[in-house]
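quick one, fold the following:
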Amino acid sequence: MKPIVIITIAVVCSVVAVLGVLIMLQGVATYQAQVALNEYYEEEDRKQMIIVNAFNTEIDRCLTVFEGNYLAKEQCEKNAKKSFDVWKLDDSHTQKLKSATTYEELMSWMSENSKRLQGLEN
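Residues are numbered from 1 along each chain as shown. So this is what the prediction gives:
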């Protein structure tokens, strides 16, 4: 074989080898970045679940202490939202929060107060 052919084959093989190494290094870097991102998401989920669990425990306390008192439960829930910084939660964790009041309780409370107001007017 002519020396130019041998040199050409050597150059092509070297370029292919360098490209192979670069592709492999890119794959390793991508994998390491994905592992780090997964660890970050797991840590964020853990932090947010701590807030969710603490908030829900406080709401359970509100439901027990202020049973039958709609306004007190509503205020207790507002205080808990401020205390536990629920604004930091993402949507999926916000959906896991309990509520101290229900729509039915609100309607019942409004109905009772409406009757009281009518009684005062008469």
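
so which elements touch the helix or strand containing N38?
According to DSSP states H and E, N38 maps onto helix 3-65. Helices and strands in packing contact with helix 3-65 are listed as helix 70-83, helix 91-94; criterion 3 or more CB pairs under 8 Å, 6 or more residues apart in numbering; DSSP states H and E. (C-beta placed from N, C-alpha, C; glycine too.)

got any ranges where the protein has weak pLDDT?
Counting by pLDDT under 70, the chain shows low-confidence ranges at 117, 119-122.

just want the most central residue of this structure.
By CA atoms, centre = their mean, the mean C-alpha position of the chain lies nearest to D90, the distance being 3.5 Å.

check whether T94 really touches K88, as I assumed.
No. Using CB atoms under 8 Å, T94 makes no contact with K88, being 9.7 Å away.

just to revisit the earlier point, now do the contacts for the residue nearest to the residue nearest to the centre of the chain when sequence neighbours are not counted.
If the residues on either side of it in the chain are set aside, D90 comes closest to Q48, at 6.7 Å by CB to CB, 6 or more residues apart in numbering. For Q48, the residues meeting the contact criterion (CB atoms under 8 Å, 6 or more residues apart in numbering) are K88, L89, D90, H93.

closest to V12 among these?
Distances from V12 to the contacts of Q48, taken as CB to CB, are shortest for D90 (51.3 Å).

can you report how many residues lie near the spatially closest residue to F66 that is not a sequence neighbour?
Distances taken as CB to CB, 6+ apart place A72 nearest to F66, at 3.9 Å, with adjacent residues excluded. Counted by other CB atoms under 10 Å, the residues lying close to A72 total 15.

same question for the one 5 residues further on.
The burial metric for E77, expressed as a neighbour count using other CB under 10 Å, is 21.

now do R61
The number of residues packed near R61 is 13, by other CB under 10 Å.

please apply the same query to the one 5 residues further on.
Summarising burial for F66: neighbours were counted as other CB under 10 Å, giving 18.
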